[in-house]
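Q: Build the 3D model from these lines:
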Amino acid sequence: MHTSPHIVSDVMTRSVAVVGRTTAFKDIVRTMQDRKVSAVPVVDDGNEVVGVVSEADLLPKEEFRDSDPDRYTQLRRLSDLAKAGSVTAGEMMTSPALTVRADATLALAPREMARARVKRLPVVDETGHLEGIVSRADLLKVFLRDDEDIAEEVRREVVSYLFPSPASTVLVEVRDGVVTLGGRVHDPSLVPVAARLVRAVEGVVDVQFALDGPDRTAV
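A: The predicted model follows:
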């Protein structure tokens with residue numbers, strides 16, 4: 001069965017606020033304020049992503065502005081103290097930058113965000129050049145997909161392969177992203193497989209079964 005899953009480039013934001021290595025501290029803050037973002041990619045002259053500057057990278061400047069940290073703090077917060085004394089993006093950025101490919105499936109991006117505990121990822125092409133940025137909000141756009149579009153994909157990519165007529169008669173209904181498969185199946189052992197495949201369809205919130213024979217609603 002061949003499917004064409006949605007990829008990161010389908011939902012990413014293409015207009016990206018960026019800074020260069022030599023961008024000054026105040027200009028970074030101004031860029032974030034103007035674009036209402038909490039982090040910006042740092043790119044070189046060839047538009048290749050070399051790092052990311054976030055609010056967390058900027059805040060040590062204020063935190064240690066008028067303090068004299070003790071020896072313990074100096075050892076424990078060495079990186080933050082270095083950023084507090086930095087004045088350009090290149091000095092305070094987090095590098096190398098965690099990025100995601102534009103052609104990556106949507107499932108990959110949230111896993112990377114969760115692993116790194118970040119809210120957004122620069123999106124790059126196969127050579128590492130910036131193409132956009134994807135945020136948590138962007139990834140949630142898939143759940144705005146029309147119910148009938150979801151139903152059509154489930155019929156085409158799941159039901160027609162697992163439960164072909166006339167041996168099975170499976171109806172697909174979708175409401176608010178919840179897919180219900182009803183009717184008669186020739187092989188009940190395929191129901192758990194169908195559940196996994198339906199949940200993999202972009203925009204599906206949940207899947208339920210109302211099939212003839214044994215109760216499958218809890219699959």
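
Q: any idea how far Ala210 is from Val170?
A: Here the distance between Val170 and Ala210 works out to 10 Å (C-beta to C-beta, to the nearest Å). C-beta coordinates here come from the backbone N, C-alpha and C atoms, glycine included.

Q: Between those two, tell me which one has more neighbours.
A: Legend: neighbour count by other C-beta atoms under 10 Å for Val170 and Ala210, higher for Val170 (22 against 13).

Q: Okay, buried residues for the host helix or strand of that one please.
A: Secondary-structure element containing Val170, defined by DSSP states H and E: strand 169-175. The neighbour-count criterion (16 or more other C-beta atoms under 10 Å) identifies 170, 172, 174 as the buried residues of strand 169-175.

Q: which residues are contacting it?
A: If you take C-beta atoms under 8 Å, 6 or more residues apart in numbering as the criterion, strand 169-175 is touched by 147-148, 150-151, 154-155, 159, 163, 179-185, 211.

Q: quick one: which of the residues you listed is nearest Ser15?
A: Of all the contacts of strand 169-175, Ser15 sits closest to Ile150, with 28.6 Å by C-beta to C-beta.

Q: Which parts of this structure are strands?
A: 19-20, 39-43, 49-54, 100-101, 120-124, 130-135, 169-175, 178-184, 206-211 (DSSP state E).

Q: Summarise which helices and strands the third one is packed against.
A: Same thing as strand 49-54. Here strand 49-54 touches strand 39-43, helix 89-92, strand 120-124, going by 3 or more C-beta pairs under 8 Å, 6 or more residues apart in numbering; DSSP states H and E.

Q: What is the shortest one packed up against?
A: It refers to helix 89-92. Helix 89-92 packs on strand 19-20, strand 49-54, helix 78-84, going by 3+ C-beta pairs under 8 Å, 6+ apart.

Q: For my notes, please list the ones you listed in TSV and give distance to Pro96 and mean pLDDT for each entry.
A: TSV is the format used below for the helices and strands packed on helix 89-92 (distance: least, C-beta to C-beta, whole Å; pLDDT from 0 to 100):
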stretch	distance to Pro96	mean pLDDT
strand 19-20	16	96
strand 49-54	7	94
helix 78-84	15	68
